[in-house]
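Participant: I'd like to go over a predicted model; first the sequence, then the structure.
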Amino acid sequence: MGIIMWLIIGGVVGWLASLIMRTDAQQGIFLNIIVGIVGAFLGGLLLARGEINNAPLTIETFAVSLLGAVVLLGIVNLLRRGTLR
């Protein structure tokens with residue numbers, strides 16, 4: 001997947017994960033992209049044994065990326081506030 005697709009899909013996944021986890025609305029596009037990309041990597045490692053990072057974009061890979069981003073935001077919230085929202 002090209003770098004432009006990583007940025008676009010990462011931004012969408014990060015934005016959706018921030019909506020699901022009800023994080024601050026002022027997170028911004030840059031942090032949404034970072035959360036989306038790192039979440040996709042984390043989801044790929046945990047659920048797809050690393051295969052998602054080389055897979056084409058499908059509903060399954062999008063869902064794994066979204067789940068990884070939600071887990072990432074949950075961990076960040078847990079470390080930052082000491083509680084999950």
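Facilitator: Right, received. Where do you want to start?
Participant: residues near Gly68, how many?
Facilitator: Counted with other Cβ atoms under 10 Å, the burial measure for Gly68 works out to 27 neighbours. All C-beta spots, glycine's among them, are computed from the backbone N, C-alpha and C.
Participant: ok, now how distant is the residue most central in space within the chain from Gly39?
Facilitator: Centre of the chain computed as the mean C-alpha position; nearest residue by Cα atoms, centre = their mean is Ala69, 2.6 Å away. Applying Cβ to Cβ, to the nearest Å, the value for Ala69 to Gly39 is 3 Å.
Participant: ok, now Asn77?
Facilitator: Summarising the geometry, the distance separating Asn77 from Gly39, computed by Cβ to Cβ, is 14 Å.
Participant: so what does the longest helix seen in the chain touch, helix or strand wise?
Facilitator: When the chain is parsed with DSSP state H, its longest helix is helix 59-81. Using 3 or more Cβ pairs under 8 Å, 6 or more residues apart in numbering; DSSP states H and E as the contact test, the elements touching helix 59-81 are helix 3-21, helix 28-47.
Participant: now that helix against helix 28-47, angle please.
Facilitator: Here helix 59-81 points in a direction 110 degrees away from that of helix 28-47 (axes from the mean of the first three to the mean of the last three Cα atoms, to 10 degrees).
Participant: report the angle between helix 59-81 and helix 3-21.
Facilitator: 60 degrees.
Participant: quick check: buried residues in helix 59-81?
Facilitator: 61-62, 64-73, 77 (16 or more other Cβ atoms under 10 Å).
Participant: tell me the one of these nearest Ile33?
Facilitator: Ala69 (10.7 Å; Cβ to Cβ).
Participant: show me the contacts for the closest one.
Facilitator: For Ala69, the contacting residues are Val13, Gly14, Leu16, Ala17, Val35, Gly36, Val38, Gly39, Ala40, Leu42, Gly43, taking Cβ atoms under 8 Å, 6 or more residues apart in numbering as the criterion.
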